[in-house]
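Q: This is a predicted model, with the sequence first.
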Number of protein chains: 2
Amino acid sequence: MQNAQAAALGSRNAVSARLAEFAADMRWQDLPTAVQREAVRSFLNWTGCAVGGARSASAEAALRGLTAMSGTGTTPLLGRAERLQPADAALFNCLASAADTFDDTHLSTITHPTGPVAAAVLALADTRRISGRTLLLALAIGIEIECRISAVITAPGSGASQGWYITGVSGGIGAAAAAARLLGASRTELVAALGLAAAQASGVRATHGSMSVAFVPGIAARNGVAAAHFAAAGFACSEAVIEGRNGLLPVLAPQAEPEAILHGLGGRYEMLGNAYKPYPCGIVIHPSIDACLALAGRCPAPEAIAAVELAVHADALALCWRKLPVTPPEAQVSLYHWAAAALLRGAAGLEEGDASAIADPRIRALQERMQAQVDPALASGQARVEIRLKDGTILRHAITEATGSLERPMSDVQLAGKFRALARLRLGEVQVETLLQACLQLPDSADAGVIGRLGALA
Amino acid sequence: MQNAQAAALGSRNAVSARLAEFAADMRWQDLPTAVQREAVRSFLNWTGCAVGGARSASAEAALRGLTAMSGTGTTPLLGRAERLQPADAALFNCLASAADTFDDTHLSTITHPTGPVAAAVLALADTRRISGRTLLLALAIGIEIECRISAVITAPGSGASQGWYITGVSGGIGAAAAAARLLGASRTELVAALGLAAAQASGVRATHGSMSVAFVPGIAARNGVAAAHFAAAGFACSEAVIEGRNGLLPVLAPQAEPEAILHGLGGRYEMLGNAYKPYPCGIVIHPSIDACLALAGRCPAPEAIAAVELAVHADALALCWRKLPVTPPEAQVSLYHWAAAALLRGAAGLEEGDASAIADPRIRALQERMQAQVDPALASGQARVEIRLKDGTILRHAITEATGSLERPMSDVQLAGKFRALARLRLGEVQVETLLQACLQLPDSADAGVIGRLGALA
């Protein structure tokens, strides 16, 4: 039986090897133009989020913790004047980019893919000369591997708990692949990097609703950097930690199909399923925000509202069930808070998620009169809102394709606008434009480390 | 339904809080004498293993990787002349202590508890004045929390896969508790440290059989140090990442009973279920080694052996099924290799696990004639061996209590002998004795950092 089981599992052992081959051999010019473009857009979006979150309460506390633990270094931090060692800088920049839950989402898996990978490669670009294309290629490779692993774990019937924080589970593996590629790892070393990252795969959704929601992606970035450095130094690893016997997938998602990670690899790109958030909160809340924003202008004073009913996809309540949040991190995952805020303020930006919005008695009162129900007929990007006024009037709006969804993606202009709004929180006007141009021109830059230097405070 | 579920889970939310209370408030003088004694013994055993493994291939590669990633520091490494930053030193010392799989085992859970916790507290003792008792108290606290979490995860019917590498999953949480205690964390900060460590809980048994088997405990040590520093710096964390909704236990072991972690806390000590390895290989192999060693003297030349049959507990084959291993890490988890080596050499020390023993054609040939079967009647510390000679003679031996088991624990003299044998691999005679005495007298030392300095090379 031992042998039969081993044989049955033997066919799985190609997964890590094939991913390593992909990571070692892929060339920039072989990426479809759409993927090249999305690599730039995802990096731009991420850089803005990292700068914007650089002085969040989470980022401040993380910087204190990292400095107490490891002291300082020379690698720049986006939006800050301090410098840390590269692995700590990767952790910090990723954590800061996730602090406002404003980054991006691989919609079919609810992975926030860019943070761990981008933070890892940017940290490496500080101490070695890496061209913009080389960095973007590594980013695309890392995101592809990350999202493919997320896809098999989150596939229906995989046996994985929805409580896994999928960005933490697969993000470090993507970061390791990207970092190992930048370190010039051989295929064997790349297999080890993937394995050592899979051995660190972690994160649960109980961390949501507090600073710890940003800790998990930050740790994934650091884990990827560590896995790549160990592998490049000749630290060996079992060959199939992702897919083999007692490997990550068999253990965490026993009915998953590891081979499915490879389907269409190099042909079809999960990167093209990545979307950029228009609102700084859980992606599953976004369709409801769209619906509430659509009615905000037509809605009279809140006192006139008798009740609000939301019809949502199951994920919206499974992940963002909180009502009457008390802290900003709790509000990030509160469907009720954002629906009420969007309806009353006609906006859903960073200000709608801050402490004063959370304490706003009008927003709180409206949450009390709000009900949310799962409608199995709704897709994840859909929602309906129905407002009953005290005078008997009914206002309804249905969203079939949320803003920022794959059907209605953020345009380049919208992304640049989001970048500017975030970067201006920490940088002066001129520096914001310089950094924006540097991100957009990254494919033609000889030195990707420029992003870290331009994005930091002097 | 949302509220009902939340209410049902509400009672679980005391687990992290109670563990934090235990970690913050426990005093050395309140520990039973037996636990105080075992804290010293576990620390002594661990220190010997760390010194002994300091130049293993895994340790060499890890040191290269850490240095390439983060440079050097000032915290000593046991058995080495190099110095690293504290968190990296914790990773390295733990990894080295696990490299020969010679450390210790909490037998009921197959956790190797001391490494992550001891390495974390020793690293902190380098840069702050911590008395020996304070360090040993933190060690006992960390091991207790670690093993209690392991116990609920590995309890029959918990729903957790046996493929989880339990030392990695719970080791960082124990390390975080110990480190946070040493950093003077408040109860609130201790809850955060536990949560941030639970958010990093990771490790699968696919890492066994290569250097990566030692990587997972090393990472757990570092994760604990990081969690404690973040928490002490005011980085907040959800209150119940271990036990709450979408928390580590509900996600990883859905049928586990988180409240069972607290049963008898402060009265009954899991630390007393910890055992020190007499042989440098998987603990589940040890009863078979005992049985083979008992027959080694009575066994004629290997050519006379027709067949060897092992009857073992199910865990022995589930975890150490490998036959004809090729590398030392593979041999560490090969029941067949160690049984054959013990039978032919009459010994089961480091030399029986090295490359030349693995290549020994006599040992390999005997593995080919060896069969192992699970006997459900056997307890985990039991095994039987039956040797059929070509002349028809049968030799049998049964082990009912393995050497190093709780029923036949390693004596203080045996532990000191093991320490000396390991420490002499890296240190001179005088330094070995000085270090041994420092470990034994740690409860009376004003400066626990002395262990790191005495155990390092100048």
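A: Sure thing, it's come through.
Q: mind listing the strands for chain A?
A: Applying DSSP state E to chain A gives strands spanning A:75-76, A:83-84, A:104-106, A:274-276, A:305-312, A:370-374, A:383-389, A:394-399.
Q: Compare these and give me the one nearest residue B:257.
A: strand A:370-374 (29.2 Å; Cβ to Cβ). For the C-beta atoms, the positions are set from N, CA and C on the backbone; glycine is no exception.
Q: How far off centre is that closest one?
A: Centre-to-centre, strand A:370-374 and its host chain are 26 Å apart (Cα atoms, centre = their mean, to the nearest Å).
Q: do stretch A:317-327 as well
A: Its chain's C-alpha centre and that of stretch A:317-327 lie 19 Å apart, by Cα atoms, centre = their mean.
Q: Name the residues of it that are buried.
A: For stretch A:317-327, a neighbour-count test (16 or more other Cβ atoms under 10 Å in any protein chain shown) marks A:317-323, A:325 as buried.
Q: rewinding a little: out of the strands of chain A, which comes closest to residue A:132?
A: strand A:75-76 (16.7 Å).
Q: Is there proximity between the closest one and chain B?
A: No - using Cβ under 8 Å from any Cβ of the partner chain, we find that strand A:75-76 stays clear of chain B, coming within 10.8 Å at best.
Q: likewise stretch A:275-294?
A: No - residues of stretch A:275-294 contacting chain B under Cβ under 8 Å from any Cβ: none, with a closest distance of 13.2 Å.
Q: Stretch A:146-153 too?
A: No - contact of stretch A:146-153 with chain B (Cβ under 8 Å from any Cβ) is absent, the minimum separation being 12.1 Å.
Q: contacts for that stretch?
A: Applying Cβ atoms under 8 Å, 6 or more residues apart in numbering or on different chains, the contact partners of stretch A:146-153 are A:106, A:108-109, A:111, A:113, A:116-117, A:158, A:160, A:164, A:166, A:169-171, A:173-175, A:177, A:242, A:249, A:252-253, A:256-258, A:260-262, A:265, A:270-271, A:273-274.
Q: can you check stretch A:411-424 too?
A: With Cβ under 8 Å, 6+ apart as the criterion, stretch A:411-424 contacts A:41, A:44-45, A:47-49, A:51-53, A:79, A:102, A:276, A:278, A:349, A:410, A:431-432, A:435-436, A:439, A:455.
Q: Quick check, residue A:240 in contact with residue A:16.
A: Yes - the pair residue A:240 / residue A:16 is scored as a contact, 5.3 Å apart, by Cβ atoms under 8 Å.
Q: hey, what's in contact with both of the two?
A: Joint contacts of residue A:240 and residue A:16 (Cβ under 8 Å, 6+ apart) are residue A:195.
Q: From residue A:138, how far off is residue A:234?
A: Residue A:234 is 21 Å from residue A:138, where distance means Cβ to Cβ, to the nearest Å.
Q: Comparing the two, which residue is more hemmed in?
A: Legend: neighbour count by other Cβ atoms under 10 Å in any protein chain shown for residue A:234 and residue A:138, higher for residue A:138 (31 against 16).
Q: For burial, what's the neighbour tally of the closest residue to residue A:436 other than its chain neighbours?
A: Counting by Cβ to Cβ, 6 or more residues apart in numbering or on different chains, residue A:436 lies nearest to residue A:419, which is 5.7 Å off, once chain neighbours are set aside. Burial of residue A:419 is recorded as 24 neighbouring residues (other Cβ under 10 Å).
Q: Do you know the pLDDT at residue A:419?
A: pLDDT recorded at residue A:419 is 98.
Q: mind listing what residue A:141 touches?
A: Residue A:141 neighbours (Cβ under 8 Å, 6+ apart): A:22-23, A:26, A:177-178, A:181.
Q: Could you pull up the contacting residues of the nearest residue to it once chain neighbours are set aside?
A: Nearest non-adjacent residue to residue A:141, counting by Cβ to Cβ, 6+ apart: residue A:23, 5.0 Å away. Counting by Cβ under 8 Å, 6+ apart, residue A:23 touches A:141, A:145, A:177-178, A:180-181, A:190, A:194.
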